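[1] Sequence below, structure please.
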Amino acid sequence: MILAAVSMLALAQAMSAQIPSDPRVGLRAGWLDAGEAIHNMKVISRTERPEGFFDPKNPGSFRVMNSDLAFKGTLAFQGSFNGFMVWDISNPARPRLRTSFICPGGQADLSVYGNLLFMSVEERRARVDCGAQGVRDSISAERFEGVRIFDITDLDHPKQVAAVQTCRASHTHTLITDPKDKGNLYVYVSGYQPVRPSDELAGCSPEAPATDPNSALFRLEVIRVPLAHPEQARIVSSPRVFNDLVPPSPHSEPEATKPPEAPTAPSQCHDITTYAAIGLAGGACMGYGFLLDTRDVINPKRVDVAADSNFAFWHSATFNNDGTKLVFTDEWGGGQGARCRATDKSEWGADAIFTITKRKLTQHAYYKMPAAQTPFENCVAHNGSLIPVPGRDILVQGWYQGGISVVDFTDAAHPKEIAFFDRGPVDSTKLVSFAGVWSAYWYNGLIVSSEISRGLDVLQLLPSDLLSQNEIDAASLVHLDQFNAQVQEPFTWPASFAVARAYVDQLARGSSLATNEIADVRRDLDAAERVSGTPRRAALTRLATRVDGLSKGGPDEARVRALVASIRKLALSS
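    Next up is the predicted model:
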């Protein structure tokens with residue numbers, strides 16, 4: 001499905017680039033002393049990189065830059081091009097370095113599952129033994145490109161238990177479970193390095209599939225990991241989800257000095273996000289956005305595809321909680337260019353928001369961080385995750401040196417920014433390409449951000465006209481034991497007065513109920529909370545019945561029904 005440009009009206013409402021009063025414009029440059037602007041958020045801590053993970057003479061060196069995050073318990077696992085770090089964030093005001101592990105090999109995309117840590121490796125300097133000396137020979141049995149698996153049972157001494165070599169390395173990877181196969185975990189590998197010589201890794205063929213059916217091109221790699229014996233992890237399938245694709249329409253970049261490149265059909269995904277509960281995955285596959293059916297985990301199938309000439313590089317994907325929307329990001333220029341200048345088109349390097357109906361994608365709007373950045377700040381859409389506010393679709397997201405933006409995309413046609421945090425450029429005289437916010441994720445009431453050249457940031461949302469304290473409290477009730485951005489699981493909320501009040505706040509904000517009706521519901525919730533046992537149950541049951549009568553044919557009937565359900569859940573738990 002090739003999509004036309006979305007409504008310029010919707011785009012204009014989503015964007016407000018060139019607003020002189022935006023505090024993000026004109027921030028002071030600096031590495032660790034840059035100016036900061038923040039709105040509806042609070043910085044809890046800023047933690048610098050430890051020794052071995054930065055170069056004080058070159059803070060933007062890609063050899064030691066920070067990358068993505070994964071979480072388990074009170075631990076944040078932070079990838080680096082030089083290995084990985086593990087931070088204890090049980091006290092978010094003072095993150096404590098628990099472990100640092102030198103293991104060069106590229107951006108080190110990380111995932112955690114139980115006591116296993118997975119790490120993507122794609123640089124040719126990477127060694128099987130994690131050695132820092134690199135690999136000099138063009139063909140070497142010491143080279144490693146693929147997915148490493150570590151046992152982190154002893155967190156102070158991570159132990160590599162498997163290293164699955166792949167023909168095109170691993171830029172990113174994605175975990176997925178099969179409800180019919182409890183003994184194994186599966187890994188989808190996305191790698192788009194040149195095909196390795198068969199002399200180095202047997203079976204690697206750079207020929208087109210029409211010439212060689214075993215070609216390493218135009219396919220994913222699926223690794224099966226026996227949980228009882230992870231050392232036996234191996235590739236079990238190579239599904240060709242790219243069949244029959246034509247080259248996408250070219251993306252015309254503005255630099256007149258850059259010759260146009262002839263587009264080719266994509267032969268690999270950059271990133272895949274699985275949502276096993278709905279049997280779907282979103283694939284950001286360089287020139288296209290994929291919707292994949294993953295009910296047969298080993299053999300995922302493409303069920304729809306989207307293309308957009310405004311997108312240069314489909315980078316990542318995020319579903320909303322009920323699986324009816326999918327946000328794709330465009331990492332225009334590979335994240336190394338200044339793409340949020342006042343002269344840049346607002347739909348380039350942005351998010352594209354789709355709805356999903358009967359497993360088909362429909363595009364509605366773009367969203368781009370709405371403050372013009374300088375020519376010395378790399379800035380495009382990058383990694384983020386949902387904030388579990390019941391009744392709303394809210395995404396927190398990194399934009400490299402464009403900082404962090406929190407956007408509400410509940411109305412797919414009219415996304416709206418509700419909070420942000422930004423720093424000035426690392427350098428005021430030149431573009432430092434390896435800097436800024438790689439990722440920002442919501443995790444158990446916090447926003448944790450991996451800052452490429454500066455370290456680890458922990459932030460907190462603050463209430464505002466656009467997000468109430470009740471909504472923040474309700475989101476904080478969702479507790480995750482572990483979190484990997486490419487693995488979505490449905491959010492559920494416990495019986496709570498905060499959840500009910502969050503829905504009431506939303507109805508009040510949208511003027512969906514009369515002012516007196518809102519006041520009555522708030523009064524009755526307060527009264528029910530002051531009692532317990534049978535009186536509380538009776539009061540809540542009466543309230544649910546009365547509110548249910550307000551839902552029929554109203555302007556926000558679905559949200560009123562959600563409020564009723566939350567009150568009844570409270571009554572049952574009383």
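[2] Could you give the number of residues near the nearest residue to Asn40 once chain neighbours are set aside?
    Nearest residue to Asn40 in three dimensions, chain neighbours excluded: Ala419, at 3.7 Å (CB to CB, 6 or more residues apart in numbering). To be clear about C-beta, it is placed using only N, CA and C from the backbone, and glycine gets the same treatment. For Ala419, the neighbour count with other CB atoms under 10 Å is 24.
[3] For Ile452, give me the pLDDT.
    Looking at Ile452, its pLDDT reads 94.
[4] Show the contacting residues for it.
    By CB atoms under 8 Å, 6 or more residues apart in numbering, the contact set of Ile452 is 60, 65-67, 400, 434-438.
[5] what about 7 Å?
    Each residue near Ile452 by CB atoms under 7 Å, 6 or more residues apart in numbering is listed here: 65-66, 434-436, 438.
[6] which residues touch stretch 31-51?
    Contacts of stretch 31-51 (CB under 7 Å, 6+ apart): 23-24, 27-28, 59, 66, 85, 92-95, 97, 100, 418-424, 426, 453-462, 464, 467.
[7] what do you get for stretch 84-100?
    Residues from elsewhere that reach stretch 84-100 (CB under 7 Å, 6+ apart): 44-45, 47, 50, 52-53, 74-78, 83, 101, 108, 110, 119, 155-156, 158, 446, 448, 456, 458.
[8] Kindly recompute the last result at 8 Å.
    With CB under 8 Å, 6+ apart as the contact definition, stretch 84-100 has outside contacts at 44-45, 47, 49-50, 52-53, 74-78, 83, 101, 103, 108, 110, 117, 119, 152, 155-156, 158, 446, 448, 456, 458, 460.
[9] Show me the shaky parts of the protein.
    For the chain, applying pLDDT under 70 flags the ranges 1-20, 59-62, 252-263.
[10] gap between the residue nearest to the spatial centre of the chain and Lys159?
    Nearest to the mean C-alpha position of the chain, by CA atoms, centre = their mean, lies Gly384 at 3.3 Å. Using CB to CB, to the nearest Å, one gets 32 Å for the distance from Gly384 to Lys159.
[11] Phe313 too?
    Taken as CB to CB, the span from Phe313 to Lys159 is 36 Å.
[12] so how far is His270 from Phe290?
    To His270, Phe290 is 11 Å away according to CB to CB.
[13] Between those two, tell me which one has more neighbours.
    Ranked by neighbour count (other CB under 10 Å), Phe290 and His270 place Phe290 first, with 25 against 21.
[14] bridging residues for that one?
    For Phe290, the beta-bridge partners are Gly283, Val305 (DSSP bridges).
[15] Test my guess that it contacts Gly282.
    Yes. If you go by CB atoms under 8 Å, Phe290 and Gly282 touch, sitting 7.0 Å apart.
[16] Report the set of residues contacting both of those two.
    The contact sets of Phe290 and Gly282 overlap at Ile272 (CB under 8 Å, 6+ apart).
[17] ok, which stretches of the stretch 401-550 of the chain are helices?
    Taking DSSP state H, counting those that start in this stretch as the test, the helices found in the stretch 401-550 of the chain are 469-476, 497-509, 515-529, 533-548.
[18] Quick check: Phe84 is in a helix.
    No. Applying DSSP: H, G, I helix; E, B strand; the rest coil, one finds Phe84 to be strand, outside a helix.
[19] who's in contact with Glu123?
    81, 104-106, 145, 169.
[20] same thing with Gln506?
    Counting by CB under 8 Å, 6+ apart, the residues that Gln506 touches are 391-392, 471, 512, 556, 559.
[21] One more: Gln160?
    Neighbour list for Gln160: 130, 148-151 [criterion: CB under 8 Å, 6+ apart].
[22] Am I right that it is in a helix?
    No. Secondary structure of Gln160 (three-state DSSP): strand, not part of a helix.
[23] In the sheet, which residues pair with it? Tell me.
    Bridge pairing for Gln160 - DSSP bridges - gives Phe150.
[24] among the contacts of Gln160, which two are most distant?
    Maximum pairwise distance among these (CB to CB): 13.9 Å, between Cys130 and Asp151.
[25] number of nearby residues for Pro239?
    Using other CB under 10 Å as the criterion, the residues surrounding Pro239 number 18.
[26] shouldn't it be in contact with Leu220?
    Yes. With contacts counted by CB under 8 Å, Pro239 reaches Leu220, the gap being 5.5 Å.
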